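S.K.: Quick one: sequence and predicted model below, then my questions.
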Amino acid sequence: MFLRRLFILATLVAAGLVCVHAADITGKWTTQFDSQVGIQKYTFEFKVDGTALTGKAISKIGDGETQTTAITEGKIKGDEVTFVENLDYQGMQLRIVYKGKISGDEIKFDRTVADAGGESFVAKRAK
């Protein structure tokens, strides 16, 4: 009886660890996409600690200046990633919410800009 309970407990613990495991996307990821304000080029520098995600978003919109913004509210759960970029665009503070699905060296993102629309794009791990 004891061995049976021990086996069941070990199985449940192992299953829980598999479910909690977050993908490690630490490093640089790049993308480029067209938007309402022109071509946007991004480099994301992610840091993962367990299920917490931090880092920075380095962006260039059209011929504008390159801007670096801290990534906030970042989380990773399995193959899903979410975070916020609080971008200063021409003096306007824009809250940009990212939701992505990780697949190997690609992340398929949807982002919402200031609750008013957004874009879908794919970021690839920089090599």
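M.R.: It's in. Residues are numbered from 1 along each chain as shown.
S.K.: which residues touch Glu119?
M.R.: Taking CB atoms under 8 Å, 6 or more residues apart in numbering as the contact definition, Glu119 lies against 33-35, 110-111, 113. Every C-beta, even on glycine, is put in place using the N, C-alpha and C of the backbone.
S.K.: Leu87 is in contact with Leu94, isn't it?
M.R.: Yes: counting by CB atoms under 8 Å, Leu87 touches Leu94, with 4.7 Å between them.
S.K.: When the two are compared, which one has more neighbours?
M.R.: Neighbour tally, Leu87 and Leu94, criterion other CB atoms under 10 Å: the higher count belongs to Leu87, 17 against 14.
S.K.: Who are the contact partners of the more buried one?
M.R.: Leu87 neighbours (CB under 8 Å, 6+ apart): 57, 59, 67, 69, 93-94, 96.
S.K.: if you set the cut-off to 7 Å instead, what comes out?
M.R.: By CB atoms under 7 Å, 6 or more residues apart in numbering, the contact list for Leu87 reads 59, 69, 94, 96.
S.K.: what's the distance between Gln32 and Lys41?
M.R.: 5 Å (CB to CB, to the nearest Å).
S.K.: And for the residue lying closest to Gly50 once chain neighbours are set aside, the neighbour number?
M.R.: Distances taken as CB to CB, 6 or more residues apart in numbering put Ala22 closest to Gly50, at 6.8 Å, once the chain neighbours are dropped. Residues near Ala22, counting by other CB under 10 Å, number 19.
S.K.: Next: the one 10 residues further on.
M.R.: Around Gln32 there are 12 other residues, counting by other CB under 10 Å.
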